[in-house]
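**Q** Fold the following for me, if possible:
(one chain, ligands or ions: 2)
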Amino acid sequence: MRSKMTFKKNILCIGAGYVGGPTMAMIAAKCPQYKVTVVDINEKRISEWNSGRLPIYEPGLDELVTAARGRNLFFSTEIEKGIRDADIIFVSVNTPTKTFGQGAGMAADLQYWEKTARQILANSDRDKIIVEKSTLPVRTAKAMERILNSNGGTINFEVLSNPEFLAEGSAVKDLENPDRVLIGSRETKEGLKARKELVDVYANWVAHERIIESNVWSAELSKLTANAFLAQRVSSINSLSALCEVTEADINEVAYAIGTDSRIGNKFLKASVGFGGSCFKKDILNLVYICKSYGLNEVADYWDSVVRLNEWQEKRFVLNMLSNMFNTVAGKKIAVLGFAFKANTGDTRESPAIYITRGLVEERAQVNVSDPKALVNAREDLKDMREGIEFIEDPYKASEGAHAIAVLTEWDIYRKLDYKRIFDSMVKPAFIFDGRNILNHRELFDIGFNVFAIGKAPLKHF
Ligand code: NAD
Ligand code: UGA
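**A** Ligands and ions are numbered 1, 2, ... in the order given. Below you'll find the predicted structure:
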């Protein structure tokens with residue numbers, strides 16, 4: 001193992017989650033000259049990062065971590081020591097929606113983030129660069145500076161905003177080849193110097209024209225608004241899916257037709273059961289809260305409607321199942337194929353599958369939940385529901401004796417199942433609700449299924 005002195009810089013990341021772990025693994029892989037340490041208060045998480053079974057599933061991550069771990073990538077619970085040794089500290093702790101007090105249900109809960117700032121202050125004896133990696137409300141850097149500079153000004157902390165744009169399921173690819181890296185700083189001499197230091201880290205593998213520099217507030221706000229724009233596209237296409245279902249227009253054809261306009265573009269136009277994930281909803285609600293706090297109520301209402309539409313889309317899916325299955329699912333077995341909020345991740349935070357499964361169980365259905373990577377999280381999400389749910393990884397077993405299948409995650413394996421075999425094992429009439437539009441609907445109909453997709457006219461045998 002190389003000694004500490006041989007490293008050019010010590011980089012620390014506080015928060016070993018979906019962002020901290022992969023992001024630091026990439027920096028370590030691309031910058032062998034730096035020592036990269038990731039710390040967390042969660043001992044179990046850290047021991048998993050140090051084991052053969054990482055705490056998160058992400059394609060390509062095992063290889064990345066294994067190659068750098070013990071060389072220049074370290075996972076530890078020694079937060080104070082980590083802070084003392086670090087030149088650059090990334091803060092990547094969670095910033096969930098506040099559940100209490102002022103701004104409950106909307107504002108970002110900054111308690112974890114603030115604890116970190118105080119801990120950095122308490123354990124620093126020299127100048128450091130602090131990088132906001134977490135997604136934070138615009139102007140948070142100001143609060144961070146206030147806390148860090150409450151030491152009487154002997155140590156200089158330069159606060160940068162470097163939001164992360166990776167998407168789960170493609171994190172390694174996104175980190176290796178990002179559309180852009182955004183770095184915001186104060187535009188003072190010290191601010192610009194710190195900005196350059198961080199640019200130099202990324203420049204080890206990211207082309208200069210993809211490293212965007214800005215003032216610190218623009219960087220903070222750009223992160224919230226990038227997520228708001230992405231989510232808005234999903235809500236826009238989902239709103240039209242409802243119109244397609246009653247007019248016999250096909251949402252895939254509409255999406256293709258509008259997406260070929262280069263001004264619109266073809267990405268994020270896949271109609272679905274709804275968007276999930278830990279960030280879209282929380283970040284939009286945070287944006288809404290910020291707008292309201294500045295008295296910009298029309299702007300707040302505009303963005304709020306993106307979230308409302310998404311909730312409606314999830315609700316509509318359950319109601320659609322219910323009304324098409326003769327207005328009752330009580331006592332009927334339903335196989336939910338896919339519980340993760342998107343494919344290639346085990347993450348289930350804000351997954352539409354949570355709402356839909358709960359909705360079906362409330363209607364007294366017996367739900368068999370299946371997923372190749374997310375069953376551990378699914379069990380946790382549904383642990384308060386004692387009856388009406390079984391967790392079965394094998395999709396064939398989950399569908400046996402079922403009245404209906406609901407596909408809620410676009411896992412590749414679900415495209416390739418033997419649906420004739422599944423149909424034969426189900427109760428008739430057999431229903432399939434494709435919440436991701438990934439199946440061959442005509443083929444399913446010909447097998448005998450009654451097929452309901454998002455944004456398409458149903459294919460029914462009655
Ligand atoms: P996460 O919950 O997976 O990880 C956060 C980690 O921080 C947890 O392991 C927690 O134990 C740790 N932590 C909390 N307080 C701490 C403290 N005081 N000291 C040390 N560790 C502490 O969250 P995440 O998904 O990695 O998200 C982190 C931030 O990044 C959020 O602001 C999120 O909005 C943003 N973000 C997330 C994604 C994503 O894909 N998940 C993408 C871009 C940005
Ligand atoms: C999203 C952003 O894409 C990232 O850039 C951002 O860094 C991240 O949020 C974050 O801040 O956490 P993520 O939530 O991991 O990433 O996944 P997405 O690919 O954006 O998908 C979000 C949800 O929208 C999923 O449920 C997905 O199935 C759904 N979606 C996406 C659709 O329904 N249709 C689409 O066309 C695209």
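**Q** contacting residues around Trp205?
**A** 30, 176 (Cβ atoms under 8 Å, 6 or more residues apart in numbering). Bear in mind the C-beta positions are built from the backbone N, C-alpha and C, glycine included.
**Q** again, but for Asn215
**A** 184-187.
**Q** tell me how far the helix or strand hosting Thr357 is from the chain's mean position?
**A** Assigned by DSSP states H and E, Thr357 belongs to helix 352-362. With Cα atoms, centre = their mean, to the nearest Å as the basis, helix 352-362 stands 20 Å off its chain's centre.
**Q** Just the residues contacting it, thanks.
**A** 272-276, 314-315, 317-318, 321, 329, 334, 336, 338-341, 348, 367, 369, 378, 381-382, 385, 387-389, 406, 408-409, 435.
**Q** so what strands line up beside whichever helix or strand comes after that helix?
**A** Following helix 352-362 in sequence order, the next helix or strand is strand 366-370 (DSSP H and E). Here strand 366-370 has these sheet partners by DSSP bridges: strand 333-337 (parallel), strand 389-391 (parallel).
**Q** Most tightly packed of these?
**A** strand 333-337 (a mean of 26; mean count of other Cβ atoms under 10 Å).
**Q** pull the helix or strand with minimum mean pLDDT from this structure.
**A** Ranking every helix and strand in the chain by mean pLDDT, DSSP states H and E puts helix 140-148 at the bottom, with a mean of 89.
**Q** How about the residues of the stretch 51-200 of the chain by ligand 2?
**A** With Cβ under 6 Å from any ligand atom as the criterion, the stretch 51-200 of the chain meets ligand 2 at residues 135, 164-168.
**Q** residue contacts, Ser239?
**A** Ser239 neighbours (Cβ under 8 Å, 6+ apart): 309, 313.
**Q** Is it correct that it falls within a helix?
**A** Yes. Assessed by DSSP: H, G, I helix; E, B strand; the rest coil, Ser239 belongs to a helix.
**Q** just to revisit the earlier point, put the buried members of the contacts of Asn215 into a PyMOL selection.
**A** Isolation of the buried members of the contacts of Asn215 (16 or more other Cβ atoms under 10 Å) is achieved in PyMOL through the command below:
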select buried, resi 184+185+186
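**Q** which one of the contacts of Asn215 is nearest ligand 1?
**A** Gly184 (15.0 Å; Cβ to the nearest ligand atom).
**Q** So which bits of stretch 41-57 are buried?
**A** 41, 45-46, 48-49, 54-57.
**Q** tell me the mean pLDDT for it?
**A** What stretch 41-57 shows for mean pLDDT is 97.
**Q** roughly how far is it from the heart of the chain?
**A** 19 Å.
**Q** Span of it from start to end?
**A** 20 Å (Cα to Cα, to the nearest Å).
**Q** Report the central residue of this structure.
**A** Nearest to the geometric centre of the chain sits Gly277, at 4.0 Å (Cα atoms, centre = their mean).
**Q** If we ignore the residues flanking it in sequence, what's nearest that one?
**A** Phe341 (4.8 Å; Cβ to Cβ, 6 or more residues apart in numbering).
**Q** Quickly find the element holding Ala255.
**A** Counting by DSSP H and E, Ala255 is part of helix 251-259.
**Q** Establish whether that helix and ligand 2 are in contact.
**A** No. Helix 251-259 is not in contact with ligand 2 by Cβ under 6 Å from any ligand atom; minimum separation 8.4 Å.
**Q** which residues are contacting that helix?
**A** So helix 251-259 is in contact with 237, 240-241, 244, 264-267, 269-271, 437, 454-456, going by Cβ under 8 Å, 6+ apart.
**Q** Which one (most neighbours) among these?
**A** Ala271 (28 neighbours; other Cβ atoms under 10 Å).
**Q** In a strand, that residue, correct?
**A** No. Ala271: not assigned to a strand; according to three-state DSSP it is coil.
**Q** Just the pLDDT at Ile211, thanks.
**A** 98.
**Q** List the contacts of it.
**A** Contacts of Ile211 (Cβ under 8 Å, 6+ apart): 180-181, 183, 199, 202-203.
**Q** Those residues of the stretch 301-450 of the chain touching ligand 2, which are they?
**A** Residues of the stretch 301-450 of the chain lying near ligand 2 (Cβ under 6 Å from any ligand atom): 341-342.
**Q** Now do the strands in the stretch 301-450 of the chain.
**A** Under the criterion DSSP state E, counting those that start in this stretch, the stretch 301-450 of the chain carries strands at the ranges 333-337, 366-370, 389-391, 404-407, 431-434, 450-453.
**Q** residue contacts, Tyr414?
**A** Contacts of Tyr414 (Cβ under 8 Å, 6+ apart): 337-338, 395, 407, 438-439.
**Q** before we move on, back to that, in terms of distance to ligand 2, which of the buried residues of stretch 41-57 ranks first?
**A** Ile56 (11.5 Å).
**Q** Remind me which helix or strand that closest one belongs to.
**A** Short version, using DSSP H and E: Ile56 is in no helix or strand.
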